[in-house]
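**Q** just coords:
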Ligand SMILES: [Fe+2]
C-alpha cells in the first residue's frame, strides 16, 4: 500500500502470532541475542533468581520417581538413596554431603548408564568441590565391593589416592553407599531431608 502500511497491519494475528504478541507484552525482550540489551539481561537474571525456588521442588520430584527404579536390588532406588543419606547424616556428615548422598542416584531417573555424572553435575553449583568430586567417581570406589564380577579392577579408587577428597570418597562408598540395600534398616523419610534439600539448592554458589 502507498502509505507504507501493509494490508495485514491491523488484522487479527493468527494464533502463532498472537502467542508471540502476548509473550512480548508480558515480557518485552529480544528475539536473537545480538539484539539484547544490558537491561534485558538484568531482567532475565531477576526472573531466573525468582524461579530458583523451583529447583528444590524439581529435585524432590526426581527423587520421588526413583521409587519405580528397582532393577533387581533388594530395595528401590529411592529407598537406597534415603538409606545412604541416613547413614551419612548419622555419621555426622555435613549437610552438603548428606544431600549429595541423597542425590547420588538421581541420574537413574533419566539414564542408568551415566547416572554418576548426571547426579554430579546437578549437584555441582550447590556444593563444595570436595563433595562434588565424590559423586562422579563413586563407582570406582564401590568397585572394591563388586568390580570383580565385571572383570574390572576392584582397586580403581587408587587413581584418586592423592586427592584431598579421597578419604571422603572412601567413607561414602564403604560405609554409607555399598551398605545401603538393607530393607530392615531404620531409614529416614524423604520428608525428613526436604528442609536440607531446600537449603542446599536455594542458591547456586556459582554459575557453570
Ligand atoms: Fe549408591
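**A** Yep, it's here. These numbers were taken from a predicted model, which means no experiment stands behind them. Residues are numbered from 1 along each chain as shown.

**Q** use CA for all of it now, contacts and neighbours both
**A** Will do.

**Q** Could you chop this protein up by domain?
**A** If you go by automatic domain parsing, the domain ranges for the chain are 15-51, 53-200.

**Q** Looking at the ones you listed, which one is packed in the most?
**A** Across those, averaging neighbours per residue (mean count of other C-alpha atoms under 10 Å) puts domain 53-200 on top, at a mean of 18.

**Q** avg pLDDT for it?
**A** What domain 53-200 shows for mean pLDDT is 97.

**Q** thinking again about what came up before, looking at the domains of the chain, which is nearest to residue 208?
**A** Closest approach to residue 208 among the domains of the chain (C-alpha to C-alpha): domain 53-200, 6.8 Å.

**Q** distance between the ends of that closest one?
**A** 11 Å (C-alpha to C-alpha, to the nearest Å).

**Q** Residue numbering should commence at 225 henceforth.
**A** Got it, the first residue is 225 from now on, which makes the last one we talked about domain 277-424.

**Q** Now the element after the host helix or strand of residue 271, going C-ward?
**A** Per DSSP states H and E, residue 271 falls inside helix 262-274. As assigned by DSSP H and E, the chain's next helix or strand after helix 262-274 is helix 278-289.

**Q** Can you pull out the residues in contact with that next one?
**A** Defining contact as C-alpha atoms under 8 Å, 6 or more residues apart in numbering, one finds that helix 278-289 is touched by 302, 327, 330, 333, 418, 421, 422, 425, 426.

**Q** Please determine how far residue 427 is located from residue 411.
**A** 28 Å.

**Q** pretty sure residue 343 is touching residue 358, no?
**A** No - Residue 343 lies out of contact with residue 358 (C-alpha atoms under 8 Å); the separation is 10.7 Å.

**Q** Pick out the residue closest to the middle of the protein.
**A** Among the residues of the chain, the one closest to the centroid is residue 346, at 2.9 Å (C-alpha atoms, centre = their mean).
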